[in-house]
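Sequence and predicted structure below; questions after.
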Amino acid sequence: MTSTLVFEQLLNGLQFGLMLFLIAAGLTLVFGIMDVLNLAHGSLYMVGAYLAATLVAATGSFLAGVVLAVLATGIIGILLEVLLVRRLYKRDHLSQVLATFAVILIADDLVRIIWGPAPIMLAAPAALAGPVELLPGFFYPAYRLLIIAVGLALAIGLYLLVARTRTGMLVRAGSSDREMAAIMGVRVDRLFAVIFVLGAMLAAVAGALLGPLLAVEVGMGENVLILALVVIVIGGIGSIRGAFVGAVLVGVVDTAGRAFLPGLLGTFLNTAAAAQLGPALAAIAIYVVMAAVLFFRPQGLFPARA
Amino acid sequence: MTLQQRLRRALPWLLLAAALAFPWIAGALDQSFYIGVVRRILIFAIAAASLNFILGYGGMVSLGHAAFFGVGAYTVGALAMEGIGSAWIAWPAAIAVATLAAVVIGAVSLRTRGVYFIMITLAFAQMVYHVAVGLKRYGGEDGLSLTARSGIGIGIDLGNDVAFYYVVLALLVAVLAAFDRMLDARFGRALIGIRENEARMESLGFPTFRFRLAAFAIAGAVAGLAGALFANHNLFVSPAVLHWTQSATFVVMVILGGIGYRYGGVLGALVLLLLEEILAAYTEHWHLPLGVLLLAVVFLAPRGLSGWLDERGAR
């Protein structure tokens, strides 16, 4: 195991973690401020990826296609908020689970009707197809570097938005005590609509950027939703900082586990057993991390409600 | 008592009579295929009833119930592969393994509350899911097929579709009767008390954690039994039975039927799976209308179908 391999896997983990952060950010804010458990958040990620694949092909430009797809998903987010989620504020979590699970069923079938059941292709821009020499002798795919750059830029932007602006102040107030914020005159419902749409657009960015690396297919939202839920629970529901730390932690643990656990086990088990155990343990690793965090810090690493 | 209230009270008995007569009617109409369809519904009804027990009466929103269902199914599948096909060994083993899993998972999860409980049960179920995917000996991602249904002896052949149907129906009735009995007993009353006000029950001297863990384990055991039956029904077990969407489907069944109503889980399983079956007959895209119907339930029948029937009965 060479140091370049370790470095490469760490970068892959960071890249995956940043995308998870984009998905988890919207989820954690919606959950933190309005106490709405939105299972359909993964569907917005899926719709973003599908729209990006179509619009990139239609416009012939990766940048234009992705931007249009993100805007279009934002409009879908507005519709979802006004038509459905707004009516779920006052309901208990179980009603929210049932209603947003219904949205998953509807979204999956609509995608199947529009795009067909087979996975579709979203190609990375040709200019970024090759590797880049980061350090002497260390090459890394240019497209993955772009993802890291975009992810970091959006994370910093979101941090500044939450920590430095008036809107962000209201978001934090809403997160820590919604009722008190409302009594102090914050238009929590309008704030929530803005946050919901922002979250939808961030999820679409993640879907569009991960599209060339993963398959764009029905059901992609369900799998990523669970990872995003793990992230926000580790970080503490409602906390942007927690979502960031949780996302990078989950991304690195998951990627490194898959890359290194089988080999690591091989050093003290026979190779056949290691080959069987390794992938299973790697897949389980993030859930073990989450269970451990919940056991020792039931409110997550960065509780939003002090 | 109005006519509607009478009807409402008679509904479980009418459904039981219908379930008893069904294989005979289906056979007479030459529609024996539907015996399997209804048997599947009965199996899921057992699992949904067990979730309703902890969710409805214990207030424990578990999003990991498929773990116990799947563990039961895998136990039967794995034992069959190792040459043990007797129901008298395989089914109790499935229940035992599911109970053990529920005790371990419950002992950790029940220390958390609210959304965190939902998430930690989900996390444990995901662990079990990935273990099943990693079990190459038992088919890994592809799952494993069973060559025959479990053997019971005493003159009952589960290979006979009608005989298996009645065994499942008998087990469902037994499970429902046991839950009814428990809920009317001190244990069930205490469980409801803990749901309403745990601190108060604790100060009254009830060991609340042990009560909740016992309920969680019982629900896991019953889900394991349902899983064992499902493995026999499908003659195939794959990680799909452990997927989180399966756990979510169980929760949806209970909410749909009516959380904390006596037969809420059963009613939810019946309606959801029947709807699936009917819609799938008309269109390949049956998820879409099903989703719309579930949305309608959220807004028109907030307390589920049982609650909706109750309100209509009270009018």
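Alright, I've got the coordinates.

how about the nearest residue to A:Tyr287, chain neighbours excluded?
Spatially, and ignoring its direct neighbours in sequence, A:Tyr287 is nearest to B:Ala123 (4.3 Å; C-beta to C-beta, 6 or more residues apart in numbering or on different chains). (C-beta placed from N, C-alpha, C; glycine too.)

ok, now A:Pro298?
B:Thr112 (5.4 Å).

quick one: the one you found and A:Leu294 touch, right?
Yes - shown here, B:Thr112 and A:Leu294 form a contact pair, counting by C-beta atoms under 8 Å, at 5.7 Å.

So the two - more neighbours on which side?
A:Leu294 (22 against 19; other C-beta atoms under 10 Å in any protein chain shown).

now the more buried one, nearest residue through space, not along the chain?
Excluding the flanking residues, the one nearest A:Leu294 by C-beta to C-beta, 6+ apart is B:Ile120, at 5.2 Å.

which residue does chain A bring closest to chain B?
Here chain A gets closest to chain B at one residue, A:Ala280, 2.6 Å apart by C-beta to the nearest C-beta.

got a list of what residue 202 touches?
Reading this off chain A. A:Leu22, A:Ile23, A:Ala25, A:Gly26, A:Leu154, A:Leu158 (C-beta atoms under 8 Å, 6 or more residues apart in numbering or on different chains).

Chain B is the one I meant
Counting by C-beta under 8 Å, 6+ apart, B:Glu202 makes contact with B:Thr208.

in the stretch 101-250 of chain B, what spans have low per-residue confidence?
Across the stretch 101-250 of chain B, not a single residue meets the criterion (pLDDT under 70).

could you pull out the helices for it?
Ranges of helices in the stretch 101-250 of chain B, per DSSP state H, counting those that start in this stretch, are B:114-134, B:161-184, B:186-196, B:198-203, B:208-234, B:244-257.

just the strands in chain A please.
Using DSSP state E, the strands of chain A run over A:131-135, A:138-141.

buried ones in the first one?
For strand A:131-135, burial by neighbour count (16 or more other C-beta atoms under 10 Å in any protein chain shown) applies to no residue.

can you check stretch A:145-161 too?
For stretch A:145-161, by 16+ other C-beta under 10 Å, it's A:Leu145, A:Leu146, A:Ile147, A:Ile148, A:Val150, A:Gly151, A:Leu154, A:Ala155, A:Leu158.

The closest residue to chain A within chain B: neighbour count?
Closest to chain A within chain B is B:Gly134: 2.6 Å, counting by C-beta to the nearest C-beta. By other C-beta under 10 Å, 21 other residues sit near B:Gly134.

And B:Leu11, by the same measure?
Neighbours of B:Leu11 (other C-beta under 10 Å): 14.

try B:Thr245
Counted with other C-beta under 10 Å, B:Thr245 comes out at 16.

Name the nearest residue to it, sequence neighbours excluded.
Nearest residue to B:Thr245, sequence neighbours excluded (C-beta to C-beta, 6+ apart): A:Glu222, at 6.2 Å.

and the one you found, what is it in contact with?
Residues near A:Glu222 by C-beta under 8 Å, 6+ apart: A:Gly42, A:Ile104, B:Trp244, B:Thr245.

out of those residues, which is most surrounded?
Counting neighbours by other C-beta under 10 Å, A:Gly42 leads those with 27 neighbours.

anything in contact with each of B:Thr112 and A:Leu294?
By C-beta under 8 Å, 6+ apart, B:Thr112 and A:Leu294 have these common neighbours: B:Ile120.

distance of A:Gly219 from A:Ser43?
10 Å (C-beta to C-beta, to the nearest Å).

Same check on A:Ala283?
Distance from A:Ala283 to A:Ser43, by C-beta to C-beta: 23 Å.

who's more crowded, the two?
A:Ser43 (29 against 20).

Relative to A:Glu222, how far out is the more buried one?
For A:Ser43, the distance to A:Glu222 - C-beta to C-beta - is 9 Å.

show me what contacts the residue nearest to A:Gly77 when sequence neighbours are not counted?
In this structure, A:Gly77 finds its nearest non-sequential neighbour in A:Ala200, 2.9 Å apart by C-beta to C-beta, 6+ apart. Shown in contact with A:Ala200 (C-beta under 8 Å, 6+ apart): A:Gly26, A:His41, A:Leu44, A:Thr73, A:Gly74, A:Ile76, A:Gly77, A:Leu80.

one more time with 10 Å, if that's ok
Contacts for A:Ala200 (C-beta atoms under 10 Å, 6 or more residues apart in numbering or on different chains) come out as A:26, A:30, A:38, A:40-41, A:43-45, A:47-48, A:70, A:73-81.

All set, thanks.
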